[in-house]
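K.L.:
Provided below for reference: sequence and predicted model.
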Amino acid sequence: MVDERIVKFIKKHHLMTLATVSADGMPYCSNAFYAYDSARNVLIFTSDAATRHAAEMTANPNVAVSIALETRIIGKLQGIQICGTVSEGNDEDKRIYLRRFPYAAAAHLSIKRVEPSFIKFTDNTLGFGKKLIWTKD
């Protein structure tokens, strides 16, 4: 079970940085709005098939995700790093995404989801450098 402090942080935010890797090993980052389904522990986002990150995810579904609170105050620093796999979203994922971003209903959506296998939450509000770790299984 994912620590409730991790769940709360992920639900509080809406923008993630997604890291993929090309066939020749070159890393790439992109940003995406996401919705989080804590019951299934998946991050749901959209991705246009014509983008570099979509092509890289198709070739290699292993990705990394970062979600961070931007602050200059060291004692308030918080951030999540996730390793996981991407797969095609389903109708339930689409409903969850549109509930969070209703204006997206007007667009053609290619729904994807990240299923985490590892989550690290750095939370300096719990003490300098305090980290909460979750791993699948």
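P.N.:
Yep, it's here.
K.L.:
from here on, contacts and neighbour counts on C-alpha atoms
P.N.:
OK.
K.L.:
and residue 72, helix, strand or coil?
P.N.:
coil (DSSP: H, G, I helix; E, B strand; the rest coil).
K.L.:
low pLDDT regions in the chain?
P.N.:
Applying pLDDT under 70 to the chain flags no residue at all.
K.L.:
Next up, the contacts around the nearest residue to residue 34 once chain neighbours are set aside.
P.N.:
In space, and not counting its chain neighbours, residue 34 is closest to residue 45: 4.7 Å by Cα to Cα, 6 or more residues apart in numbering. Contact analysis of residue 45 by Cα atoms under 8 Å, 6 or more residues apart in numbering lists 32-35, 97, 111-113.
K.L.:
ranking those residues by neighbours, who comes first?
P.N.:
Neighbour counts for the contacts of residue 45 (other Cα atoms under 10 Å) peak at residue 35, which has 27 neighbours.
K.L.:
for that residue, what are its contacts?
P.N.:
By Cα under 8 Å, 6+ apart, the neighbours of residue 35 are 11, 14, 43-45, 96-97, 100.
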